[in-house]
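J.: sequence plus the predicted model coming up.
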Amino acid sequence: MDIYAFRSDVVAPADLTGYDVEALDGSIGKIDDATNKAQSGYVVVDTGFWIFGKKRMIPLGVVRSVDTDSETVHVGMTKDRIKSAPDFDEVQRRNEDYRKRVGDYYSRYDS
């Protein structure tokens, strides 16, 4: 499975910006930015005060479902796993080494 692509059973609108994000154990924030380009899709989640305003880049392969009625994205990880993920780096987001490091992190814990 490509960690940067939606799972085959996930149906999502073209733009997820502004959607809430729910981890397995609760809310983690809102989507600040998103892309669904083939094999390079991800969402950037603004965690607000939860982890002191940090952002996390979460590959689309971690998304378990999207509820368009409530505008909520459900991810298959706990809040602690996401909190421990690499910090989002605006400058490096398109850098192959950075994307590999982020993808490797989420691939290890994806459920």
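T.: Arrived safely, thanks for sending.
J.: so G26 sits against K79, correct?
T.: Yes. Between G26 and K79 a contact is recorded at 5.9 Å, counting by Cβ atoms under 8 Å. C-betas here are computed from N, CA, C, even on glycine.
J.: who's in contact with stretch 33-50?
T.: Stretch 33-50 is touched from outside by 2, 4-6, 12, 14-17, 21, 27-32, 53-60, 63, 73, 79, 82-83, 88, 93, 99, 102, with contacts defined as Cβ atoms under 8 Å, 6 or more residues apart in numbering.
J.: and that stretch, how far out from the chain middle?
T.: 5 Å (Cα atoms, centre = their mean, to the nearest Å).
J.: hey, C-alpha coordinates of it in CSV?
T.: Provided in CSV are the C-alpha atoms of stretch 33-50 (Å, rounded to 0.1, in the frame of the first residue of the first chain):
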residue,chain,number,x,y,z
ASP,A,33,-4.0,22.3,4.0
ALA,A,34,-4.5,19.2,1.9
THR,A,35,-3.5,17.6,-1.4
ASN,A,36,-4.7,14.5,-3.0
LYS,A,37,-2.2,14.1,-5.9
ALA,A,38,-1.6,10.6,-6.9
GLN,A,39,1.0,8.9,-4.6
SER,A,40,1.8,12.2,-2.9
GLY,A,41,-1.4,13.1,-1.0
TYR,A,42,-1.4,14.3,2.6
VAL,A,43,-3.3,16.5,5.0
VAL,A,44,-1.6,19.1,7.3
VAL,A,45,-3.4,19.2,10.6
ASP,A,46,-3.2,22.2,12.9
THR,A,47,-3.3,20.7,16.4
GLY,A,48,-4.1,24.1,18.0
PHE,A,49,-3.4,24.0,21.8
TRP,A,50,-3.4,20.3,22.0
